[in-house]
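**Student:** Next come a sequence and a model predicted from it.
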Amino acid sequence: MLTSPACCCALSLCHVGEFRRIRGLERFCESRMQSLCLARCIRSLWAPAQTNLLLKLGKVQKYVNCQLQHSKTMENKPWALISEIGALGYPEELIDIMMKRFHVVSHKDFLQNLQLYSPKVQVLFCWNTSPTVEPSLLRLLPSLKVVANGGAGINHLDVPYINSLGVKVTNTPGVVSSATADIALGLLLASARDIITSHQIAVDPNTTSLPTSMMGVDVTGSTMGIVGMGDIGYKIAQRGRGFEMKILYYNRRRRNVKEEQAVGARYCQSLDELLKDSDFVVLAVNLTPETTGLIGHRELSLMRSTATLVNISRGQVVDQDALVDALRSGTIRGAALDVTYPEPLPRDHPLLSLPNVVITTHIGTNTMNTCHRMVESMINNSLAVLTGQPIPNEVRAQ
Ligand SMILES: O=C(O)C(=O)CO
């Protein structure tokens, strides 16, 4: 909570107008998230051009009173730990949504104040980019009730182990499907039409004439084989329809006839059949022991030499060494990957320098709107666990 030294500091910082130093308030706040919120509020109050200091002080005081008042109601909020989400961090706007419903503590603050936070945290927010959900962290969370993952894939979580601690696991499948399906089509188009190479030539200062020899392959009217026909796979099929593509799919469970007809999809009895008949093979499966290494030397050799492999599921679904061989030898035309193993790839990995590969940085869910919905879903799942309500998206150990 905000303490009175923090209030005094806020007032004096406004007085001298050194807003940048507002971050010094961090040490007065229980968590960095709270100080960010305070800093933003003061930034909105502080207009250097207007120097009616008394008015500003009055506003700050009012804000502080309001915070203190608010802090009383905040006492009932549960505590949530936000795991590390990679070097790029998470937009403040999304953290703010969490802060409305939880006391939020960052992983770093948590580790620095273990005695304070350990007994309090009931919720752990994580993403597939979080490497920190390990037994060593879970052991520090005796009150933990739920690990709420952002995203559909939960292969980075040891669900049986987490469940064995009496802790639920949730994910956010529905809200991520459209954005992830969009990226599949984006990658497919980028590879088919050499969009990235063309961009590089366009911006290269040495370019003096436009290339005429660069030929892509047709998307319209081609055949797309979708491996994994869950929510995301189905949305990929819908998008393929827009490009007048023939849709094949292979899945553990066949979709009903109505669903198939709605996207004009034909079920393949075997993966081999799909691989042989597709111009674009799109991987949209969950990573499980059965799908690990699903696409290896043999499978790649079944694909057409004009075909492109698109992967938006998980890097481990593809044997990357086999993929490198297939791309080098011309066994397949190209690959477009939003996921690799590991992420990012080591800088000297051959996939990074092959001309027939397009790679993005696992951006399937990265739109502000999708991430908003993802965070809201994480919150709803967590609150359902804490209040004993039906849990919208619980993941159970298989
Ligand atoms: O939802 C997920 O788990 C994703 O990785 C989307 O890219």
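**Tutor:** Received the coordinates, thanks.
**Student:** Can you tell me how far residue 301 is from residue 326?
**Tutor:** Separation of residue 301 from residue 326 (Cβ to Cβ, to the nearest Å): 7 Å. For every residue, glycine as well, the C-beta is placed using N, CA and C.
**Student:** of those two, who's got more company?
**Tutor:** A direct count of neighbours by other Cβ atoms under 10 Å for residue 301 and residue 326 places residue 326 higher, at 25 against 14.
**Student:** That one touches residue 320, doesn't it?
**Tutor:** No - the criterion here is Cβ atoms under 8 Å, and residue 326 misses it with residue 320 at 10.5 Å.
**Student:** Pull the number of nearby residues for whatever residue of the chain ends up closest to the ligand.
**Tutor:** Residue of the chain nearest the ligand, by Cβ to the nearest ligand atom: residue 364 (2.3 Å). Neighbour count for residue 364, taken as other Cβ under 10 Å: 25.
**Student:** ok, now residue 89?
**Tutor:** Burial of residue 89 is recorded as 10 neighbouring residues (other Cβ under 10 Å).
**Student:** same check, this time on residue 270
**Tutor:** Counted with other Cβ under 10 Å, the neighbours of residue 270 add up to 9.
**Student:** Report the spatially nearest residue to it, omitting neighbours in sequence.
**Tutor:** Of all residues not flanking residue 270 in the chain, residue 250 sits nearest, at 7.2 Å (Cβ to Cβ, 6 or more residues apart in numbering).
**Student:** Where do the strands of the stretch 51-200 of the chain begin and end?
**Tutor:** With DSSP state E, counting those that start in this stretch as the criterion, the stretch 51-200 of the chain has strands at 79-82, 103-106, 121-127, 146-150, 168-170.
**Student:** out of these, deepest packed?
**Tutor:** Comparing these by mean neighbour count (mean count of other Cβ atoms under 10 Å), strand 146-150 ranks first with a mean of 28.
**Student:** How far away from the center of its chain is stretch 243-250?
**Tutor:** 26 Å (Cα atoms, centre = their mean, to the nearest Å).
**Student:** same thing with stretch 154-171?
**Tutor:** That offset, for stretch 154-171, works out to 18 Å (Cα atoms, centre = their mean).
**Student:** Pull out the buried positions in it.
**Tutor:** Neighbour-count burial for stretch 154-171 flags 154, 156, 157, 158, 159, 162, 163, 167, 168, 169, 170, 171 (criterion: 16 or more other Cβ atoms under 10 Å).
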